[in-house]
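Chemist: 3D, please:
(2 chains)
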Amino acid sequence: MHLKQSLIIAVTLVIISVTAWELFWRSQGVYPTLDDNEALWANQRARVEKATNNDILLMGSSRVLFDMQLDQWQEQTGIRPIQLASVGSSPLPIFHDVVENTKFNGTILVGVTPGLFFSTTNPDAQPWQWPQSKVDFYKKRTYAQMSNHLLSIPLQKNLAFISEDQGVDGVKLKELLGKISIGNRVVDSMPPFHAFGEIALDRNLKMKQITVTDTAYANSVIKVWRFFMKAAASGPPPDKASTMAFFLKDLKKFKARGGQVILVRCPSSGSLRFGENMGVPRANFWDDLVKQSHVKAYHFEDYESLKNLKCPEESHLSGKDAAYFTTEIVKIMKADGALTNLKTN
Amino acid sequence: MLFNSLSFVVFLVIVLALYYSKLFNWTSKKRMLLFASYVFYGLWNPPLVILLWISTMVDWVAGKKLAVEDNQKRRKLWLMLSMFVNLGFLAFFKYRDFLLDNFTTVVNTYGYGYQTQPMDIILPMGISFYTFQTMSYTIDMYLRRTERAKTFLDFALYVTFFPQLVAGPIVRAQDLISQFYEEKRATVNQFIWGIFLLTLGLFQKVVMADTLLSDAVDTVYGSDKILNFWDAWMGTLAFSGQIFFDFAGYSTCAIGIALMLGIILPDNFKYPYGSLGFSDLWKRWHITLSSWLRDYLYIPLGGNKHGVVRMYAALMITMLLGGLWHGAAWTFIVWGGLHGSYLILERLQRQYLPFKITKWNGMFLAFTTFTCVNITWVFFRAKEFKTAWNMITSMFYLNPEGEKVLTSFDILKVGMVIGLLFICHWFMRNTSVEAVSKRLSPIVLAVVWAVMFFLVVISQGSGEQFIYFQF
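Modeler: Have a look, this model is predicted:
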């Protein structure tokens, strides 16, 4: 065997093919991004262990991720919040984890997306299972997993083809094969779902500019929301009683140790807003939650400066509007005395 | 630490750099390898390294005593100590909840209303592998089949050697410890071949098991519906491929990494899906475990020296316990029981209906063996008997109206991968990768190598755990 010769040729071929692969994806408009995975979330969760009562945690679903911009929050308060929100999730499992497993007694902002907040306490249901899996990962993560994530960051930041994106935007082999469709043996009625946000190491997330500038792109995301709304309409109704009870129990415990909670309803618009009003009407859900929680609460519709914000894909704000929204809502909270521990120079 | 992870790449580069540097003499290199092995294990869960230390200490002391002790009673006591500690670890960490569940069920059938709280104890990675490996040393010492390890360092490294620590191959003392006595350096060809085997192992794991097959398995076995004939078969076939590529991939990586250090580990898989019958299968599948079970369980139970009934009983007990070794659940015991039954039936066939295996009936026999093996995989993969039974009924076409959960492309993909796997095993059954590679031109070998590596890179294995770690 001429193994040395084989090795040299193989290494050369690998360098050429991997370079070509990277260049191909860049030519297709794919660029390096970080993955919003469990390891990234766990790094933020780890910060809670050392957080003081001056710190602020952000929890909720993707609306908190998109709409609360950490730079603007920091500008207004001098404190950079810890972003713990999780896409497609109920905030309850993460709130429960912080209440039960930490001594944190600062401020927690809980984003209320009614369709998710009031959805369920069933551990097998997606709005619960997704955030719970992040909590579980944090509890069980190994040193090897931590170092793997650390080592993967430079690769994720510099190589377009290193991506955990799934579905239509996926570029890894499994996702590429998943796009091949032959016949209609099993009908997948879910429309293609584009990734429309970009996350940073501290989990500050901004909407991709293409979602703002390309209506077709935004519309493709809207179709997904409509698909979910349709599925929700034919599924079990919101479990308001058990979700409220679960939250209020944790809230009581958190308040008892000096913690403060702020509820925020982030903007939605168009047909999604209409659907939300039909399925989880404000009076029955948000207003009742605010009434029973006895905490500061802010609904975007209650403020002139916020109520006309439009979401490009009906559910989340563009980067520019998110910056505006964060600035405005923090000003409102400050004026209202909800944020008191400020580090202003 | 997983072989298919970035941490391992960094770890391996550091270990190789230190191993081949001129900083250390051989003893220091072995110390470095031992320390590296503890780091390799400890990065998963540091406190559980203590179990490794206890196992190492107990078997070192037991081996030392067995080497000098002539009193048979005392010799037996030292052996029992080793068995008690190692099997005790297994019983506590792996089988405690299973035993407690069954105890509770039995007691409650008599109306005691006994309640237990599962302890939810973490299962130390690779505990079944290293306990079996270290026990084999003490048993061989007891039976005077091996020499005592010359130094504690050699013995500790034998127990902990990182390439095979968590998922084998399970190596016998005389095959590995003796390799540590003199300085080992891989030749250039060995080193490059080691890299090739590491690439091949990663390709099997990351591309074949995780990328091409795992989704179909998870979809089928994660479904709570009664499935269609095709879906049940394709999910099971996909699992047969997934578990082979996953486990053989690990073994191939382990052998390759050890070879890069100049250490030779035994083969663990020899194209098992090309087996002609079940005795042949167990000479080709997880060879180091099946030979362990043969030498330390089947033969002590009587083997084939005490008549037919005793032989069949020994065979069945061995396979049932072999099933239990894989997991603390009745489904694994049924899996072992099916294999035991197959082996007994095969021996009966050889006795009463012997036939000559030719080229033509051989392939049919291999196909029949592979089909029967797939039936057993259902019990291995299904988490509950209900799922297993639903799958079996679907596979025997008893649910013609069953649900379809796999796409046409999934079926095509699994069919092609498993078809190629079977054909490959059939044609490779009497040869090896090394022998085939020797016949290839360097350029063809390089292209194959590059394609495998490229596919590993673009599959971006996100560090999926190897299936056998849980055993």
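Chemist: name the helix or strand for B:Leu197, please.
Modeler: B:Leu197 belongs to helix B:188-202 when elements are defined using DSSP states H and E.
Chemist: tell me how far the residue lying closest to A:Arg80 once chain neighbours are set aside lies from A:Gln83.
Modeler: Nearest non-adjacent residue to A:Arg80, counting by Cβ to Cβ, 6 or more residues apart in numbering or on different chains: A:Gln74, 4.4 Å away. C-beta: built from backbone N, CA, C; applies to glycine. In this view, A:Gln74 and A:Gln83 are 12 Å apart by Cβ to Cβ, to the nearest Å.
Chemist: comparing those two, which shows the higher neighbour count?
Modeler: The neighbour comparison of A:Gln74 against A:Gln83 (other Cβ atoms under 10 Å in any protein chain shown) goes to A:Gln83, with 27 against 16.
Chemist: gap between the residue lying closest to A:Lys172 once chain neighbours are set aside and B:Lys383?
Modeler: In space, and not counting its chain neighbours, A:Lys172 is closest to B:Gln460: 4.6 Å by Cβ to Cβ, 6+ apart. Distance of B:Gln460 to B:Lys383, given as Cβ to Cβ: 28 Å.
Chemist: who are the contact partners of residue 238?
Modeler: By default, I'm working from chain A. With contacts defined as Cβ atoms under 8 Å, 6 or more residues apart in numbering or on different chains, A:Pro238 is in contact with A:Pro114, A:Gly115, A:Phe118, A:Ser119, A:Gly279, A:Val280, A:Phe285.
Chemist: my question was about chain B, not that one.
Modeler: Here B:Ala238 is in contact with B:Leu213, B:Ser214, B:Ala216, B:Val217, B:Val220, B:Val414, B:Val417, B:Ile418 (criterion: Cβ under 8 Å, 6+ apart).
Chemist: please redo it, this time with the cut-off set to 6 Å
Modeler: B:Leu213, B:Ala216, B:Val217, B:Val414 (Cβ atoms under 6 Å, 6 or more residues apart in numbering or on different chains).
Chemist: and for B:Ala17?
Modeler: By Cβ under 6 Å, 6+ apart, B:Ala17 has no neighbours at all.
Chemist: helix, strand or coil for A:Lys206?
Modeler: Using DSSP: H, G, I helix; E, B strand; the rest coil, the structure places A:Lys206 in strand.
Chemist: roughly how far does the closest residue to it other than its chain neighbours sit from A:Phe196?
Modeler: Leaving aside its chain neighbours, A:Lys206 sits nearest to A:Gly319 (4.1 Å; criterion: Cβ to Cβ, 6+ apart). The gap separating A:Gly319 from A:Phe196 is 11 Å, by Cβ to Cβ.
Chemist: shared neighbours of the two, anything?
Modeler: With Cβ under 6 Å, 6+ apart, A:Gly319 and A:Phe196 have common neighbours A:Met207.
Chemist: more neighbours: the two, which one.
Modeler: Neighbour count, other Cβ under 10 Å: between A:Gly319 and A:Phe196, A:Phe196 has more, with 23 against 18.
Chemist: that one is in contact with A:Val212, isn't it?
Modeler: No: with contacts defined as Cβ atoms under 6 Å, A:Phe196 does not count as touching A:Val212, sitting 9.5 Å away.
Chemist: near chain B, which residues of the stretch 1-150 of chain A?
Modeler: Contact residues, the stretch 1-150 of chain A versus chain B (Cβ under 6 Å from any Cβ of the partner chain): A:1-3, A:5-7, A:9-10, A:13-14, A:17-18, A:142-144, A:147-148.
Chemist: buried among those? Make that a ChimeraX selection.
Modeler: To isolate the buried subset of the residues of the stretch 1-150 of chain A next to chain B in ChimeraX, counting by 16 or more other Cβ atoms under 10 Å in any protein chain shown, use the following:
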select /A:1,3,6,7,9,10,13,14,17,18,142,144,147,148
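Chemist: where in the chain is pLDDT low?
Modeler: Using chain A here. For chain A, the stretches flagged by pLDDT under 70 are A:1, A:341, A:343-345.
Chemist: wrong chain, I was asking about chain B
Modeler: Along chain B, segments meeting pLDDT under 70 span B:118-120, B:461-471.
Chemist: backbone dihedrals for the residue positioned nearest the centre of it, please?
Modeler: Centroid check for chain B by Cα atoms, centre = their mean gives B:His286 as the closest residue, at 5.2 Å. With angles defined as degrees, to the nearest 10, B:His286 sits at phi 40, psi 60.
Chemist: shouldn't B:Phe98 be in contact with B:Ala328?
Modeler: Yes: under the criterion of Cβ under 6 Å, B:Phe98 makes contact with B:Ala328 at 3.6 Å.
Chemist: comparing the two, which residue is more hemmed in?
Modeler: A count of neighbours by other Cβ under 10 Å puts B:Ala328 above the other of B:Phe98 and B:Ala328, at 21 against 18.
Chemist: show me the contacts for the more buried one.
Modeler: B:Ala328 is in contact with B:Lys94, B:Tyr95, B:Phe98, counting by Cβ under 6 Å, 6+ apart.
Chemist: before we move on, back to that, who's more crowded, B:Gln460 and B:Lys383?
Modeler: The neighbour count for B:Gln460 versus B:Lys383, taken as other Cβ under 10 Å, is higher for B:Gln460 (21 against 11).
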